[in-house]
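J.: build me a model:
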Amino acid sequence: MSDKTAKNSIWLGVIAGLLVLAGGAVVSGSKQRGMVTEVDEKVFEVTPIVASGITTVPTKTMEKVKMSTLTLHIGNPAAGQVLKESTLKVSGVTSPKAEVAINDIELVADGQGRFSGSIELDEGENTIVIVANDTDGNYEEEELVVIYEP
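T.: Model (predicted):
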């Protein structure tokens, strides 16, 4: 298993009293332990083993579940907000160092995940799309509409 796979996946399953946790670690019962084998990037197998080394139940194949830790929260503007100025500062918080796009403007969040960028509004309704992604391939998107009335 690669570190990247272990870091970004959580595997949960109970087989004959064995609990399979993140990274393929197995928490054993009183006299049980198990072996985790990665089949491919999406599947792994768990084989429970008793203290004598004899397998007590068949190997079970389980699917990995990818857990995203990427977040995206927009602080400004609020959806539906009516604005009098054509320049709008869009700001929010995401995961630290995530890449962020505000419509066509690309930037990188700071070490605390904060980002901001200014866009020009057209008169009337304006759709703003904010996209964040990280180096692990996680992706979050928020879309909102504001109204510019000069």
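J.: for the closest residue to N76 other than its chain neighbours, list the residues it contacts.
T.: Distance criterion CB to CB, 6 or more residues apart in numbering; nearest residue to N76, sequence neighbours excluded, is S91 at 4.8 Å. Quick note: C-beta positions are derived from backbone N, CA and C, even for glycine. S91 is in contact with 74-76, 114-117, counting by CB atoms under 8 Å, 6 or more residues apart in numbering.
J.: neighbour-wise, give me the winner out of those.
T.: Within those, most neighbours by other CB atoms under 10 Å means F115, with 24 neighbours.
J.: tell me the confidence at that residue?
T.: F115 is assigned 98 on the pLDDT scale.
J.: now do the helices in this protein.
T.: 3-8 (DSSP state H).
J.: hang on, the earlier thing: distance to P96 added to the contacts of S91, as TSV?
T.: Listed next are these as TSV, based on distance: CB to CB, whole Å:
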residue	distance to P96
I74	17
G75	16
N76	20
R114	9
F115	10
S116	15
G117	17
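J.: could you pull up the residues touching the residue nearest to L121 when sequence neighbours are not counted?
T.: Sequence neighbours aside, Y148 is the residue nearest to L121 in space, at 4.0 Å (criterion: CB to CB, 6+ apart). By CB under 8 Å, 6+ apart, the contact set of Y148 is 83-86, 88, 121-124, 126.
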